[in-house]
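Undergrad: generate coordinates for the sequence data below:
(2 chains)
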Amino acid sequence: MSSANASSQVILRTDNVSKKFGGFQALKGISAEFTRGAITSIIGPNGAGKSTYFNLLSGAFPPSSGRVEFDGQDVTNVPQHKFAHMGIAKSFQITNVFPLLSTRENVRVGLQAFVSRYDIWRSRAKLPGLIEKADELLALVGLRDRRERLAKELAHGEQRALEIGMALAADPRLLLLDEPTAGMSPEETRVMMDLIVKLAKDRTIILVEHKMKLVMGISDRILVLHHGELLAQGTPAEVRHNDQVKRVYLGQREH
Amino acid sequence: MNEISQALPQAQASRVGWFDFVTRHRAILASVLVLVFPLMMPFTALAVNILIYGLYALGFNLLFGYLGLLSFGHAALFGSGAYFCGIAIVHFGLPWYLAIPIGVLGAAVMAAIIGGLAIRTRGIYFAMVTLALSQCVFYLFYQAVDWTGGENGLRGINVREINLFGWRFDFIDPLTRYYFVAAFVILALFVLSRILASPFGAVIEAVRENEARARASGYNVTLTRLITFILSGAFCGLAGALMALHLSIVPIEILHIETSGMAVMMSLLGGMGSFFGPFVGAAVFLTLENLVSLWTVHWQLFVGAIFVACVLFFPAGIWGTLLKWVKS
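TA: Predicted coordinates for the structure are as follows:
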């Protein structure tokens, strides 16, 4: 692969990133590249550093050392609120919606960030197209008929879907999902996985998942973290047959 | 419609048509109430006080109820408005129509300074930092005796007559004074209602509801907080400027911590989540103070007991509870 081609194939790159919390080294020098248009899953046992790595990728906090590059641009120290404007959106591991706002308003506020942020004078109802667009996104994530409800009244699985709807409001090129099926019933999990596959048609998706089995079927590439280090990466088949991965991960009771 | 003109952020989308109507026209309805209010009060001076403190609590509530930040230093903003307005009149001989904007602007600048320093902290730390900074402001004005009169207060804010394009109004007359103040309060009500219904109003609510999510959605939370703090300061500054004209003196007590506490009490008493709640809180607080102090000097004991009862049994406040009750 030529180098010019390679750079356009890579949407996100981490270069030797480490993260220390006090004396605890959560991540130890991870270098990885994420392919544009693919679904890449980051897996690993508990305490592997998945969430820390996810937070570095999504700009929640900067690494202690190393570099994060998005589309060839250094984003290592870019503040979180600018990420959405660059085309990176995320959903959180713990459900993170605006609980006392209506479901529709949750998405509408997400959309509004790209139209108007500091206007104190006009009416928000008169911003053109936002409510229609919000309803479209709600239909996409299957919440259209729940749009009048307060977000806190939704079931857990619905709130997670709402969060993805809110992330999509940024019309992101890169969608980051932190354990999108955490706490879901098997039925809700299946719906969510179908949704992820549907969304991957138009954008790059990186997701963190604890349950390895779940992502094997849908991922193009897999990164395995263990004790803060990158243990292996490759296609699901390659990872499944990697001896080290088998030892630390698959050898355990499979989830 | 609920998310568009949301008087009650905690309120669920109402299926009652007239409730929607009230919500949408909250500024007009509140104004009507302000206009007939002095006719319901035992004496007009109390009504003027309620109006001014109500505006002060309303400005405070923009920060407390809508953005979710508890400031214990709003006396500094209320007081700055009063002092800057008073100084403009006493030391520079400026007319009231210039002095009031100077008071508002002065308070807004003060809010930018206090807010700029405090806004990075959260919760109890934010309350403490604003408290400490307001104490600094107190000493600043206390020490600048030449400008502020120090302990004696700033005296000589004598506005006897309001000349409005040839129409002369006697400012000494209590009812005239009431309607003069009411005109500004009504203006403030409309502006506040508009801010809350604006795109920025939606951002304020989003930041209150979930800071991390707001940030991930692409909003600059720190800047949103600072702007809201300054807007809140401007409303409180207007209240302060009107207070200076009303009292014709600015007592140094206006910068005391008790004045900061009053805003918190009034908002909680009336209902911090509602548009008009702080006004109701101010009315109840000051009326109780006036009535109870007629027969005992220990009026604070009674107001305190009622406050505690309210916080324990009606956490939504008097107005907030009433609204909930009417809706269900």
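Undergrad: do a quick rundown of the helices in the stretch 1-150 of chain B.
TA: B:17-24, B:26-40, B:44-61, B:75-90, B:96-118, B:123-143, B:145-148 (DSSP state H, counting those that start in this stretch).
Undergrad: I meant the stretch 101-250 of chain A, not that one.
TA: Assigned by DSSP H, counting those that start in this stretch, the helices in the stretch 101-250 of chain A fall at A:103-112, A:130-140, A:156-168, A:186-199, A:212-216, A:236-240, A:243-245.
Undergrad: just checking, what packs against the last one?
TA: For helix A:243-245, the helices and strands in contact under the criterion 3 or more C-beta pairs under 8 Å, 6 or more residues apart in numbering or on different chains; DSSP states H and E are strand A:229-234. Just so you know, the C-beta spots here come from the backbone N, C-alpha and C atoms, and that holds for glycine as well.
Undergrad: other SSEs contacting the strand it packs on?
TA: So strand A:229-234, by 3+ C-beta pairs under 8 Å, 6+ apart, packs with strand A:24-35, strand A:221-226, helix A:236-240, helix A:243-245.
Undergrad: and those: which comes nearest residue B:44?
TA: Checking the helices and strands packed on strand A:229-234 against residue B:44 by C-beta to C-beta gives strand A:24-35 as the closest, at 66.0 Å.
Undergrad: pull out the buried positions in the closest one.
TA: A:25, A:26, A:27, A:28, A:29, A:30, A:32, A:33, A:34 (16 or more other C-beta atoms under 10 Å in any protein chain shown).
Undergrad: the second one touches residue A:54, doesn't it?
TA: By that I understand residue A:26. No. Using C-beta atoms under 8 Å, residue A:26 is not in contact with residue A:54, being 11.5 Å away.
Undergrad: can you pull up the most central residue in the chain?
TA: In the absence of a named chain, this looks at chain A. residue A:176 (1.5 Å; C-alpha atoms, centre = their mean).
Undergrad: meant chain B, my bad for not saying
TA: With distances taken as C-alpha atoms, centre = their mean, residue B:56 lies nearest the centre of chain B, 1.7 Å away.
Undergrad: chain neighbours aside, what residue packs nearest to that residue?
TA: Distance criterion C-beta to C-beta, 6 or more residues apart in numbering or on different chains; nearest residue to residue B:56, sequence neighbours excluded, is residue B:239 at 3.9 Å.
Undergrad: again, but for residue B:31
TA: residue B:186 (4.4 Å).
Undergrad: how close does that neighbour sit to chain A?
TA: According to C-beta to the nearest C-beta, to the nearest Å, residue B:186 and chain A sit 18 Å apart.
Undergrad: element containing that residue, please.
TA: helix B:174-197 (DSSP states H and E).
Undergrad: please see if the helix or strand following that helix touches chain A.
TA: Going down the chain from helix B:174-197, the next helix or strand is helix B:199-209, by DSSP H and E. Yes. On the criterion C-beta under 8 Å from any C-beta of the partner chain, helix B:199-209 is in touch with chain A at B:199, B:200, B:201, B:202, B:203, B:205, B:206, B:209.
Undergrad: for chain B, what is the nearest residue in the stretch 1-150 of chain A?
TA: Closest to chain B within the stretch 1-150 of chain A is residue A:84: 3.2 Å, counting by C-beta to the nearest C-beta.
Undergrad: report the contact partners of that residue.
TA: Residue A:84 sits next to A:113, A:114, A:170, A:172, B:216, B:217, B:218 when contact means C-beta atoms under 8 Å, 6 or more residues apart in numbering or on different chains.
Undergrad: and the last one, how many neighbours?
TA: Think residue B:218. 21 (other C-beta atoms under 10 Å in any protein chain shown).
Undergrad: look at the nearest residue to it once chain neighbours are set aside and report its pLDDT.
TA: The shortest distance from residue B:218 to any non-neighbouring residue, by C-beta to C-beta, 6+ apart, is to residue A:84 (3.2 Å). Predicted confidence (pLDDT) for residue A:84: 93.
Undergrad: residue A:84 and residue A:111, how far apart?
TA: Remark: distance between residue A:84 and residue A:111 (C-beta to C-beta, to the nearest Å) = 11 Å.
Undergrad: ditto for residue B:278
TA: For residue B:278, the distance to residue A:111 equals 31 Å [C-beta to C-beta].
Undergrad: compare the two (neighbour count), which wins?
TA: Taking other C-beta under 10 Å, residue B:278 and residue A:111 do not tie; residue B:278 has more neighbours (31 against 22).
Undergrad: quick check, the more buried one in a helix?
TA: Yes. Assessed by DSSP: H, G, I helix; E, B strand; the rest coil, residue B:278 belongs to a helix.
Undergrad: neighbours around the nearest residue to it once chain neighbours are set aside, how many?
TA: Distances taken as C-beta to C-beta, 6+ apart place residue B:57 nearest to residue B:278, at 3.5 Å, with adjacent residues excluded. Neighbours of residue B:57 under the rule other C-beta under 10 Å: 35.
Undergrad: is it true that residue B:57 touches residue B:276?
TA: No. Counting by C-beta under 8 Å, residue B:57 stays clear of residue B:276, with 10.4 Å between them.
Undergrad: list residues touching both of those two?
TA: Common neighbours of residue B:57 and residue B:276 (C-beta under 8 Å, 6+ apart) are residue B:270.
Undergrad: got the buried residues for stretch B:18-30?
TA: Under the neighbour-count criterion of 16+ other C-beta under 10 Å, stretch B:18-30 has B:19, B:20, B:22, B:23, B:24, B:26, B:27, B:29, B:30 buried.
Undergrad: circling back: quick check: the residue nearest to residue B:56 touching residue B:85?
TA: No. Contact criterion C-beta under 8 Å: residue B:239 and residue B:85 do not qualify, at 10.6 Å.
Undergrad: okay, now the unreliable bits of chain B?
TA: Applying pLDDT under 70 to chain B flags the ranges B:1-16.
Undergrad: doesn't the residue nearest to residue B:218 fall inside a helix?
TA: Yes. With three-state DSSP as the criterion, residue A:84 is assigned to a helix.
Undergrad: any weak-confidence spans in the stretch 1-150 of chain A?
TA: Per-residue confidence for the stretch 1-150 of chain A (pLDDT under 70) gives these ranges: A:1-7.
Undergrad: which residues in it form strands?
TA: A:10-21, A:24-35, A:39-43, A:65-70, A:73-74, A:88-91 (DSSP state E, counting those that start in this stretch).
Undergrad: buried deepest among the ones you listed, which one?
TA: strand A:88-91 (a mean of 27; mean count of other C-beta atoms under 10 Å in any protein chain shown).
Undergrad: helices and strands around it, which ones?
TA: So strand A:88-91, by 3+ C-beta pairs under 8 Å, 6+ apart, packs with helix A:156-168, strand A:174-178.
Undergrad: among the ones you listed, which comes closest to chain B?
TA: Distance to chain B, taken as C-beta to the nearest C-beta, is lowest for helix A:156-168 among the helices and strands packed on strand A:88-91, at 6.6 Å.
Undergrad: now the residue in chain B that chain A sits nearest to: which helix or strand?
TA: As assessed by C-beta to the nearest C-beta, chain A sits closest to residue B:218 within chain B, at 3.2 Å. Per DSSP H and E: residue B:218 is located in neither a helix nor a strand.
Undergrad: pLDDT below threshold where in the stretch 151-255 of chain A?
TA: Those would be A:249-255, if you go by pLDDT under 70 across the stretch 151-255 of chain A.
Undergrad: how's chain B carved up into domains?
TA: Following automatic domain parsing, chain B resolves into domains at B:68-255, B:258-328.
Undergrad: from residue A:248, how far out is residue A:45?
TA: 7 Å.
Undergrad: now the common contact residues for those two.
TA: Residues touching both residue A:45 and residue A:248 by C-beta under 8 Å, 6+ apart: residue A:226.
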